[in-house]
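1. Give the three-dimensional model of this entry:
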Amino acid sequence: MDWGNAIVTAISKDVDGKVTALTGKLNPGGDPKKTKLKLTWLADIRPELTPLQLLDFDYLISKKKVEEDDDFEALVNQITKYETGAIGDLNMRALKKGDVLQLERRGYYIVDRPWAEGAPAVLLLIPDGRARTKPVGRPVAQGAVTEAVLRR
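-> Residues are numbered from 1 along each chain as shown. As a prediction, this is how the structure comes out:
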């Protein structure tokens, strides 16, 4: 972090296409803000790495303004929860419920559940007010919750 840019000159992959190594050269005079493609990595120093579950939420209703003649049930998003698995460094194990932190190039998060042996820390994305096209992560189906809300 804050070393400047590293320019990747070669990418090695195994037979399944999984990246196994990057070769490059350090460019300390490079400006990270002007670099288009960026990579964040942590050294593979298990068991010190901390498992994380990043949660992002979409709007409950798919339309900005609901009109009186709209079919409300058709406007309810069926999937509003998205999750991404991630890893963090050892310091993330000290986070407490309610702590706010910034993950580089991801955004600000609040700790919903701290890390515990055998369970990842759960971090909720804090919306920044900017428009975005789609939440990040794997969609998590929540049909039962939506049905319960609609019945009320």
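
2. What is the burial count for residue 27?
-> Look at residue 27: counted by other C-beta atoms under 10 Å, it has 13 neighbours. The way it works is simple: take the backbone N, C-alpha and C, and place the C-beta from them, glycine included.

3. just checking, it touches residue 34?
-> No - under the criterion of C-beta atoms under 8 Å, residue 27 is not in contact with residue 34, lying 11.6 Å apart.

4. Give me the outermost residue of the chain relative to its centroid.
-> Largest separation from the mean C-alpha position in the chain: residue 69, at 36.7 Å (C-alpha atoms, centre = their mean).

5. ok, the residue nearest to the spatial centre of the chain - contacts?
-> With distances taken as C-alpha atoms, centre = their mean, residue 54 lies nearest the centre of the chain, 4.8 Å away. Neighbouring residues of residue 54 by C-beta atoms under 8 Å, 6 or more residues apart in numbering: 83-86, 103, 106, 109, 123, 125, 136-137.

6. Which element, helix or strand, includes it?
-> Using DSSP states H and E, the element containing residue 54 is strand 50-57.

7. what's the following helix or strand after that strand?
-> helix 72-75.

8. can you list contacts of the helix or strand following that following helix?
-> Counting by DSSP H and E, the next helix or strand C-terminal to helix 72-75 is strand 81-88. Around strand 81-88, the neighbours that count as contacts under C-beta under 8 Å, 6+ apart are 42, 49-58, 103, 120-121, 135-140, 142.

9. how far does strand 81-88 sit from the chain's center?
-> Centroid separation for strand 81-88 versus its chain: 5 Å, with C-alpha atoms, centre = their mean, to the nearest Å.
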